[in-house]
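> Fold the stuff below for me.
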Amino acid sequence: MKTVDIQPVNDFLACETPEAWLETAVENLSILLIDHANCEKKAASTALNLMYRYVDKPDLLHRMSKLAREELRHFEQVLAIMQQRNIDYVQLSSARYAGGLREYMRTSEPGKLIDVLIVGAFIEARSCERFARLAPRLDDELADFYRSLLRSESRHFLDYLKLAKQYARDAGVSATDVDDRVAFFAAKEAELIQAPDAEFRFHSGPMAAAA
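Predicted coordinates:
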């Protein structure tokens with residue numbers, strides 16, 4: 001399998017996944033896979049929602065259509081792995097991660113679209129970083145699968161970021177303003193990733209110590 005350079009992903013993120021989260025993930029592969037499947041569904045849904053909301057933006061429509069198809073394919077692949085391992089697809093509560101990022105998004109245009117795209121870039125980048133960090137710790141089948149996702153996930157992060165910059169330019173928003181928003185969300189994303197969580201999820205922080 002051809003090696004994928006994820007250094008741009010690591011440079012984009014403000015912190016690495018904590019070691020404690022990785023240790024918990026290896027011990028909870030069933031939950032990891034179930035929530036990974038949920039993340040792929042949510043990623044496809046986000047792309048489709050953008051296509052419905054911004055029908056006047058051809059570049060967005062094209063990239064989000066391709067992204068949604070890829071995310072649904074990944075969902076199918078995760079389901080297949082779960083079935084092979086006799087893991088039931090059960091309901092899980094959502095991590096606070098995505099909602100915690102969206103809490104800071106602006107509500108009026110063009111800031112709303114720019115922020116949605118920047119947040120999308122961070123979610124995809126963090127997924128990519130976690131796949132890469134997890135792979136060496138997993139069995140061969142799961143490690144190969146996660147490594148196979150790196151190319152598309154790293155491209156998705158760049159697609160979101162490029163669209164954010166493109167539509168900011170179109171709206172007369174300066175590159176400095178976009179960079180400031182990226183830096184703002186980078187700090188918030190790092191806080192969410194490093195803060196203790198009560199429940200393990202694909203995008204959770206490390207587990208809080210038991211009382």
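
> wait, isn't R96 in contact with D197?
Yes - with contact defined as Cβ atoms under 8 Å, R96 reaches D197; the gap is 7.1 Å. In this view, the C-beta of every residue, glycine as well, is placed from N, C-alpha and C.

> Give me the common contacts of those two.
Contact criterion Cβ atoms under 8 Å, 6 or more residues apart in numbering; residues shared by R96 and D197: S204.

> Mind giving me the packing neighbours of the longest helix along the chain?
Longest helix in the chain, counting residues (DSSP state H): helix 140-170. Other helices and strands packing on helix 140-170, by 3 or more Cβ pairs under 8 Å, 6 or more residues apart in numbering; DSSP states H and E, are helix 7-12, helix 58-84, helix 111-134, helix 175-194.

> Give me the average confidence score over that helix.
For helix 140-170, mean pLDDT is 94.

> returning to what we had before: buried deepest among the helices and strands packed on helix 140-170, which one?
Here the criterion is mean neighbour count by mean count of other Cβ atoms under 10 Å, and of the helices and strands packed on helix 140-170 the winner is helix 111-134, at a mean of 23.

> so where is the protein shaky, pLDDT-wise?
Residues of the chain that meet the criterion pLDDT under 70 lie in 1-2, 210-211.

> could you redo the last one with a cut-off of 80?
1-4, 209-211 (pLDDT under 80).

> between the helices and strands packed on helix 140-170, which one is nearest to K41?
Set against K41 and scored by Cβ to Cβ, the helices and strands packed on helix 140-170 come closest in helix 58-84, at 5.5 Å.

> Centre of the chain to whichever helix or strand comes after that closest one, how far?
Note on helix 58-84: by DSSP states H and E, the next helix or strand toward the C-terminus is helix 97-102. Centre-to-centre, helix 97-102 and its host chain are 11 Å apart (Cα atoms, centre = their mean, to the nearest Å).

> in helix 97-102, what counts as buried?
Applying a neighbour-count criterion of 16 or more other Cβ atoms under 10 Å, one finds 97-98, 100-101 buried in helix 97-102.

> which other residues reach that helix?
42, 119, 122-123, 126, 185, 188-189, 192-193, 201, 203-204.

> which ones are touching T46?
G120.

> could you say which helix or strand contains it?
helix 29-53.
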